[in-house]
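Participant: I would like the atomic coordinates for the input below:
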Amino acid sequence: MPQTARITKAVIPAAGLGTRFLPATKAMPKEMLPVVDEPAIQYVVAEAAKAGLDNVLMITGRSKRALEDHFDRVPHLEAVLEAKGDERRLAAVQESNNLGDIHYVRQSDPQGLGHAVLCAKRHVGNEPFAVLLGDDLIDARDELLSEMIRVQQAVGGSVIALMEVDPAQVSAYGCADVEAVEGEDFVRVRGLVEKPAPEDAPSNLAVIGRYVLHPAVFDVLERTAPGRGGEIQLTDALETLAGAEGEGSGVHAVVFRGRRYDTGDKVSYLKAVVSLAVEREDLGDELRPWLKEFAAGL
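Facilitator: Numbering: from 1, shown residues only. Down below sits the predicted model:
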């Protein structure tokens, strides 16, 4: 049944080790890697806040204390900046404190994305919620999450985000089998496959890191056996819900055609830094000519 109550809760899994960015992530959470001058995780929390999700639960792990520190106040630093009259930096420091009510719970024994989502069951309760993966950075000008919430409120069940990828790359993603919904710009998901071989993929529509989930997913996750990689896969639970009937069943999808960066991948991370920097008023005018000159010399 479609939901009418406003969705306010977001879950952000952030317990990963960040091995692809070693040694930088040896002592620093990968979510704190800067994208220009803000950590990647702040972009994700800001996206949630912009969509009206002001109750955020981060699923963390050992050595992630820096996340809590970042979203907390630093009165001494604020006082120093205020005394200097540095209003611009003071506002930037305070911005991360005011993005919402942020909570933390540890995933003491990481067993995959499905297990991380299951760690949020007590906090979420019996209401729909969003899941935002910290590695996926969606450009602030693209209204993906708000659109997904609108679809979930209209049709109920769960809603995922899909993006067309090169068919040769589908083995790096969950992949969806979909059908059109007459008169709508979203689609119905008939099935999902986690990281299929290209020849076995039902389409080139890959699942990206945004979900709006019905709380029925928790019961399914509790019954979901470890799948690929010995982990509890959220994709497997959504596959079950897609073929189920009754309260909380059904999965729909929004096909995203905007700007997305995978900040867990080195090349995509670098693209995110450059792309966002050249559009900044304080950086772009100086950076764009240099980039052209640099590229011309390659």
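
Participant: what distance do you get for the residue nearest to L33 when sequence neighbours are not counted to D262?
Facilitator: Ranked by C-beta to C-beta, 6 or more residues apart in numbering and with sequence neighbours excluded, the top spatial neighbour of L33 is A40, at 5.5 Å. From N, CA and C alone the C-beta is placed, and that goes for glycine too. Here A40 is placed at a distance of 10 Å from D262 (C-beta to C-beta, to the nearest Å).

Participant: higher neighbour count, the two?
Facilitator: A40 (23 against 18; other C-beta atoms under 10 Å).

Participant: just to revisit the earlier point, what touches both of A40 and D262?
Facilitator: D135, L137 (C-beta atoms under 8 Å, 6 or more residues apart in numbering).

Participant: my guess is the residue nearest to L33 meets L132, correct?
Facilitator: No: the pair A40 / L132 is not scored as a contact, 11.6 Å apart, by C-beta atoms under 8 Å.

Participant: where do the strands sit along the stretch 1-150 of the chain?
Facilitator: 9-13, 34-35, 38-39, 55-60, 101-106, 129-132, 136-138 (DSSP state E, counting those that start in this stretch).

Participant: those strands: which one's closest to D236?
Facilitator: strand 129-132 (15.0 Å; C-beta to C-beta).

Participant: which helices and strands does that closest one pack with?
Facilitator: Helices and strands touching strand 129-132, by 3 or more C-beta pairs under 8 Å, 6 or more residues apart in numbering; DSSP states H and E, are strand 9-13, helix 40-50, helix 144-155, strand 205-213.

Participant: pairing partners for that strand, with directions?
Facilitator: Sheet partners assigned to strand 129-132 using DSSP bridges are listed as strand 9-13 (parallel), strand 205-213 (antiparallel).

Participant: from the chain's centroid, how far away is that strand?
Facilitator: Strand 129-132 sits 8 Å away from the centroid of its parent chain (C-alpha atoms, centre = their mean, to the nearest Å).
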